[in-house]
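J.: Here is a sequence together with a model predicted from it:
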Amino acid sequence: MSRDVHLIDHPLVQHKLTLMRRKDTSTKSFRELAHEISILLAYELTRDMPMQEVEIETPLERMTSRMIDGKKVVLASILRAGNGLLDGMLQVLPAARVGHIGLYRDPVSLQAVEYYFKMPQDMQERDVIVLDPMLATGNSAVAAVTRLKATGPRSIRFVCLVSCPEGIRTFHEHHPDVPIYTPAIDRGLNDHGYIVPGLGDAGDRIFGTK
């Protein structure tokens, strides 16, 4: 099994992430940047998606051409911060189904506690993209993917804005077969389980709750 980490170093992605990291970036700007960067990430995530041949008619003649079967894609948002990446992904994959996984981090143990799980039917035929801006301790991501695997999807990818070595290690100890897509692998975690230098609490910054 692979231990894939795909570092997305496209200049536009890196530029927008730098703007998101700045502490004086407003809630409005942070939210807009999350939307814009998720569109760019969607291009990288779908680079090797399976294609199918379809017959179409151009203004001149009939032909066979290739398309992604977008109806097979599920965007699984880890609440609540994952929703900050959802609209941008849907702009690129408008036919995708959307699932939600409600998790919160216990402030003492830092373990993930589930409170909500809702996915489309027929997951066995679907490719899942898990959305969560931060891969910090890795506990929430591990819990989310464990639940998703129980539904038997065709494939799973995990995408985040910022990760760290501890989170990647924990995630791949449990799910070595699930690739991670991220623009940044930061230095590590502080005593409170936050990524440093990071960008703060992504949920609070997206929704303006702090």
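T.: Nice, I can see it.
J.: Can you tell me the element residue 63 falls in?
T.: strand 62-68 (DSSP states H and E).
J.: Would you mark the buried spots in that strand?
T.: Residues residue 68 are the ones in strand 62-68 that count as buried (16 or more other CB atoms under 10 Å). The C-beta positions use only the backbone N, C-alpha and C, and glycine is treated the same way.
J.: Name the residues that touch it?
T.: 46, 49-57, 93 (CB atoms under 8 Å, 6 or more residues apart in numbering).
J.: Tell me the one of these nearest residue 81?
T.: Nearest to residue 81 out of the contacts of strand 62-68 is residue 93 (CB to CB; 19.3 Å).
J.: Show me the shaky parts of this protein.
T.: Under the criterion pLDDT under 70, the flagged ranges of the chain are 1-3, 69-71, 110.
J.: what about the lengthiest strand in it, distance to the chain center?
T.: Longest strand of the chain, by residue count under DSSP state E: strand 97-105. Strand 97-105 has its C-alpha centroid displaced from the chain centroid by 11 Å (CA atoms, centre = their mean, to the nearest Å).
J.: in its sheet, what does the strand holding residue 63 sit against?
T.: Applying DSSP bridges, strand 62-68 is found paired with strand 51-57 (antiparallel).
J.: related to what we said a few turns ago, and the longest strand of the chain, what other elements does it pack with?
T.: Judged by 3 or more CB pairs under 8 Å, 6 or more residues apart in numbering; DSSP states H and E, strand 97-105 is in contact with strand 73-79, strand 112-118, helix 139-149.
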